[in-house]
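Provided below are the primary sequence and the corresponding predicted coordinates.
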Amino acid sequence: MERFLSKIFEKLKNIKAGWITAFFFFVVGVLFCIFGFFKTLFIIFFTAVGFFAGAFMFSDMSRFKKFLDRILPPGSVR
């Protein structure tokens, strides 16, 4: 996954920031048109929460294993 993201970021370095923000606001505009304001905010909020939670949990695999041990009984999965 890290290799995949590094390839994407390498390609994004060559693209001007105006195109990236234009694409982002286009997607947000389409979401507003399809779902409405509050549903779009709901989607954006939970996407951001999922991104930051995933980045926090998977930054250290031992932290992720401890999290799984808290949710699932230890030894039943591994």
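Perfect, thanks for sending it. Residues are numbered from 1 along each chain as shown.

Find the helix or strand that the residue positioned nearest the centre of the chain is a member of.
What sits nearest the mean C-alpha location of the chain, by Cα atoms, centre = their mean, is Phe51, with 3.1 Å. Using DSSP states H and E, the element containing Phe51 is helix 37-57.

Buried residues, that helix. List them.
If you call a residue buried by 16 or more other Cβ atoms under 10 Å, then helix 37-57 has these buried ones: Thr40. Where C-beta positions appear, they are placed from N, C-alpha and C, glycine not excepted.

Quick check: what element follows it along the chain?
Reading on from helix 37-57 to the C-terminus, the next helix or strand found by DSSP H and E is helix 61-71.

and that following helix, how far from the chain's centre?
When C-alpha coordinates are averaged (Cα atoms, centre = their mean, to the nearest Å), helix 61-71 and its chain have centres 20 Å apart.

what's the neighbour count on the nearest residue in space to Phe58 that is not next to it in sequence?
Ranked by Cβ to Cβ, 6 or more residues apart in numbering and with sequence neighbours excluded, the top spatial neighbour of Phe58 is Phe64, at 6.0 Å. The burial count assigned to Phe64 is 14, neighbours taken as other Cβ atoms under 10 Å.
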